[in-house]
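Q: Starting from these lines, generate the structure:
(2 chains)
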Amino acid sequence: MTGTLLLLRTFLHRDRWQFLWWSLGGALLYWSQAYSVDGLYTTQAEFDHAAATMGHNLAFIAMIGPARALNTIGGQVTWQATAFGAIVAGLMSMFLVGRHTRAEEESGRDELVRAQAVGRLAPMTAALLNALAANVVFGTLVAISLVAYPLTAADSISLGVGVTACGWLFTGTALVAAQMTASTRGMYGLAGAFIGATYALRAIGDVGTPLLSWLSPMGWYQAMHAFSGLRWWPALLLLAGALAAVASAYAVFARRDFASGLLADRPGPERAGPTLRGSLGLAWRLQRGSVIGWTFGLLLGGLMFGSFGDDISDVVGDSELSRSMFLQGMNNLVDGFYAASIVMLALIAAGFAISSALRPRTEENEGRIESLLATAVPRRDWLLGHVAVTVAGTVVVLVATGVGLGVGYALVAGDSGALDRFLVPVLPYAAPVLVLSGFARLLVGVAPRLASLAWLPLIQASVVMMFGDLLKLPQWLQDLSPFEHLALVPAESFRWAPFVALCALALALSAVGQVAFARRDLH
Amino acid sequence: MIRVSVPLRVGSVTGVAHPIEISGLVKAFGTLRALDGLDLTARSGEIHGFLGPNGAGKSTTIRVLLGLLRKDSGEVRLLGGDPWRDAAELHRRLAYVPGDVNLWPTLTGGEAIDLIGRLRGGLDERRRAELVERFELDPTKKGRSYSKGNRQKVALVAALASDVELLLLDEPTSGLDPIMETVFESYVDDFRDRGGTVLLSSHILAEVERLCDRVSIIRTGRCVETGTLAELRHLTRTSISADLARPPDALRALPGVHDLQIDGNRARFEVEPSGLDAALDTLQAVGVLSLTSQPPTLEDLFLRHYGARLEPHDHTGVPDRDTPRDRTGS
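A: Now for the predicted structure:
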């Protein structure tokens, strides 16, 4: 164990910002639920009514957890935030453990450290303590923010303790995953799959088979029943689970060789398949994981919004905030809500389009472009392959969004014509989404060092969309967002002019970026 | 009448154009002049060594040749074309191995070799299989799990298995063990024997001495020497140590003699080629009991140029150190 404390100090120093951002973001997830619930409903009767409607919606229950005391702010916070809070703690723990264990081992830096006067178990132990500490910070912030809101102290603290204990358990399982595979990517895959499985188990369990929820650590957290008859003992299950996971990680570590994993790295194909050909084939191969991931994510997001069905008028409430966010000045609440949901989902889809447009920059930065452009592929074609994947991927992701909305709505409202109602209005959002990716491509071509600024317009558009009217932002600032110009279908009827103008703008931005890229120095 | 159609190389059409012709090339990054009037010619069918320490501008030159960087001024001809404007067509006729190979983390080595080959327009399947075996490369591993040496092998297989006229190799053997270096050298030799041209940037001098027909040495973005190894050796000093019958005091007055140490009847010194004859005469005049002489190596040559950065060197008798000269023409 020699050197553990020294390493731990280094890790804490290196990770101090990560601690802060993860914990602040996570705590905000809890606190904002309290704040928004408070803002949405003006009277308790309205709140009771909404709670009754929500509590019977099986899709909600599957997505977030068992419905308890939903007509209280504390009950709402517990319901809305615990599952996602546990996921945030899980992801934070996974990345913090991974970056100091498997990633260091894979890169060979760990070898340098181990050649010093450092005990065999020291790097792993320091990484463990580091992640445990991060979860304490997270839990503390959650508890403090809720106590300060103010909500009942004991229940607020239990939400903090529960999320810390969940994080500790996921720290343990991430540590086990780090012993399993030789690659960092593989480790994140395993640890992430475990988090996903605990979520899925409790989702199925909460809907009809309570036994399954008792198999899931996330279910144990929710079984603490904060704000609805608090009990502490399920936290002990989490602690026991964490202990067991950490112990097995140490047991495996003692038996394995340096730089190896328990699972052998699977060999890949010896020869390239027929599709790995040309710049399009390569761009697709490099981006397909991302396209598939975002497609599933937005399908799920669409399902989530769609499954509100027509209950929406009960759920949304009648406050200033809900008017600003969902109504966008419309009269029909259901149509207004869905028009706004489509914009929100399209903003998320823009995340795909921007990251996809930035992918060529990553290839350039990581030095993989050199060997490629030393072949007979002209730069213009190489980039065009990526452009094609961005555009086609954007359409696919938006179609998935529309299908998700339609299917979710049809399942809940029993309306088989819902697919048309949602799919058609979603598709035109390809235009503003591609404007943002076109801006990213422009930066990559003209000012590659500033490429990360490509995310700014998305932040601006999101703020305008959600708080534009509430904050009374000046009109020109709102008009800067390409998402503000399309007609809000289904609340309004479709207009061609803004759609065509946005398409032209997207094309122009991308074209200038592509031409500039073909003319500049590559590094 | 039977006509034999011989595939014409642009270089042989005019009888003047060489596969690589660079004169007065300038490339600046901000205020840093990475290339400052560089001249370089690689002739058809030769292995041309491209020597210089880190930061001298070797990789920048190769990137200009590949059309990745745009020259600021000067003339650059690659296989008779313009490396910036005609990049894609020219690249069909050349292969490149970078010094620091970065592979796609999710593609296997075999996939990367095929991909690069396909993008260039085809690989020699037989040679590909042979190279994979001779380099003992496991093509089923993912890019992220290769060591540096193995990533280098992937790039070498992809380059050497292609049918091209020109190889641009930027420190291609960094990370290879000596056995693999030998395999590499035999393939490069073969390639030259089939008529190919190679630009080999390196600072492994033994490798350059074994392989290269001609050598260019660059320093801070300029070419300071170029010629065959034999010719370049003439530029450097021979070191001599001798046991003599009497103290050889006459040596002190000779031009071209450097670092002279006389210790009683023993003398050690370095002498330029031009002064060698006179120095030996002087020694003979005092009576030679034993004599060892060491011929100049590329290493001496290299250190003469770059040692100057460490300790100021006496350049008398070696005029025009910093102007490029082509010795083979004389």
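Q: and for stretch B:175-189, what are the contacting residues?
A: Stretch B:175-189 has contacts (Cβ atoms under 8 Å, 6 or more residues apart in numbering or on different chains) with B:47, B:131, B:134-136, B:147-149, B:151-153, B:156, B:160, B:167, B:169, B:172-173, B:198, B:200, B:207, B:210-211. Glycine gets a C-beta too; all of them are placed from N, C-alpha and C.
Q: Show me those that map onto strands.
A: B:47, B:167, B:169, B:198, B:200 (DSSP state E).
Q: Sketch out the low-pLDDT regions of the stretch 201-350 of chain A for me.
A: Along the stretch 201-350 of chain A, segments meeting pLDDT under 70 span A:312-331.
Q: Mind jotting down where the helices sit in it?
A: Counting by DSSP state H, counting those that start in this stretch, the stretch 201-350 of chain A has helices at residues A:210-213, A:217-222, A:233-255, A:278-306, A:312-316, A:320-322, A:333-365.
Q: Could you identify which of the ones you listed is most buried?
A: helix A:217-222 (a mean of 28; mean count of other Cβ atoms under 10 Å in any protein chain shown).
Q: wait, is residue B:267 part of a strand?
A: Yes: the assignment for residue B:267 by DSSP: H, G, I helix; E, B strand; the rest coil puts it in a strand.
Q: show me the contacts for it.
A: Residues near residue B:267 by Cβ under 8 Å, 6+ apart: B:240, B:241, B:242, B:244, B:248, B:251, B:260, B:261, B:283.
Q: what do you get for residue B:35?
A: B:25, B:26, B:27, B:57, B:60, B:61, B:64, B:71, B:74, B:221.
Q: 10 Å instead, please
A: Listed by Cβ atoms under 10 Å, 6 or more residues apart in numbering or on different chains, the contact partners of residue B:35 are B:22, B:24-29, B:56-58, B:60-61, B:64, B:69, B:71-74, B:218, B:220-223.
Q: still on that earlier bit, how about a markdown table for the ones in strands among the contacts of stretch B:175-189, with neighbour count and pLDDT added?
A: Below are the ones in strands among the contacts of stretch B:175-189 laid out as a markdown table (neighbours: other Cβ atoms under 10 Å in any protein chain shown; pLDDT from 0 to 100):
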| residue | neighbour count | pLDDT |
| --- | --- | --- |
| B:47 | 24 | 96 |
| B:167 | 24 | 96 |
| B:169 | 25 | 95 |
| B:198 | 24 | 97 |
| B:200 | 25 | 96 |
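Q: For residue A:126, state which of these is nearest.
A: Of all the ones in strands among the contacts of stretch B:175-189, the one with the least separation from residue A:126 (Cβ to Cβ) is residue B:169, at 43.3 Å.
Q: Show me what the closest one is bridged to.
A: With DSSP bridges as the criterion, residue B:169 is bridged to residue B:97, residue B:200.
Q: if we can go back for a sec, restrict the contacts of residue B:35 to contacts with chain A.
A: Counting by Cβ under 10 Å from any Cβ of the partner chain, B:27, B:29, B:64, B:69 from the contacts of residue B:35 sit close to chain A.
Q: per-residue confidence for residue 77?
A: Going with chain A. Note on residue A:77: pLDDT of 94.
Q: meant chain B, my bad for not saying
A: pLDDT, residue B:77: 95.
Q: Tally up the residues packed near it, please.
A: 19 (other Cβ atoms under 10 Å in any protein chain shown).
Q: From chain A, how far out is it?
A: 18 Å (Cβ to the nearest Cβ, to the nearest Å).
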